[in-house]
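1. Just the structure for this:
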Amino acid sequence: MSDRFSEGQTYLGPAFPSLYWPIDPTASPLTHLYCTHDIWRFTLMWTVILFVGFHLAAGICAFVVMPSKLSPGVPLTFAIYGGIQATMAGNIVGLIDRLGAVYQAGYLNMSTWIPLVWSVINVLVIVLSSFSLQGGL
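-> Sure, this is the predicted structure:
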């Protein structure tokens, strides 16, 4: 429970994904994350979804490009590897970096979009690290 809630007040974290349309906030109810546990949970879930999706897509591409007897297991192997990576990355961003600690220190509300954005950043780091970035001067 967060320190921001006085005695008698209860806080129930929003259901996942609880994304609202920021352009017209009257179209859907605004939901915010207050507790570190909810911030960690949302970050971990979004990271797992995006990592497994991207790794599964890469595995399917590998299966289509180079078919063999063992290649049906490639997408599954990629997805499992993506899930392991996502668990580590989501926990690092959600817990160790204490994404929620910054918001709790300033008594700020975290939008439910912030964990999604951090998960997209994690995926982009993985995609960019898969290319060799050698200078060609």
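
2. Thr112: what's it in contact with?
-> Pro14, Pro17, Ser18, Leu19, Tyr20, Thr31, His32, Leu33, Phe42 (Cβ atoms under 8 Å, 6 or more residues apart in numbering). Heads up, the C-betas are built off the backbone N, CA and C, glycines and all.

3. Pretty sure Trp91 sits against Leu44.
-> Actually, residue 91 is Asn rather than Trp. Yes. At 6.5 Å, Asn91 counts as touching Leu44 under the criterion of Cβ atoms under 8 Å.

4. and the lowest-mean-pLDDT helix or strand in the chain, how far from the chain's centre?
-> Here the helix or strand of the chain ranked lowest by mean pLDDT, DSSP states H and E is helix 99-105, holding a mean of 73. Taking Cα atoms, centre = their mean, to the nearest Å, one finds helix 99-105 lying 17 Å from the centre of the chain it belongs to.

5. which residues touch Phe51?
-> Contacts of Phe51 (Cβ under 8 Å, 6+ apart): Gly82, Gly83, Gln85, Ala86, Ala89, Ser119, Asn122, Val123, Ile126.

6. ok, and the fifth one, which helix or strand is that part of?
-> For Ala89, the enclosing helix or strand under DSSP states H and E is helix 73-91.

7. Brilliant, that's me finished.
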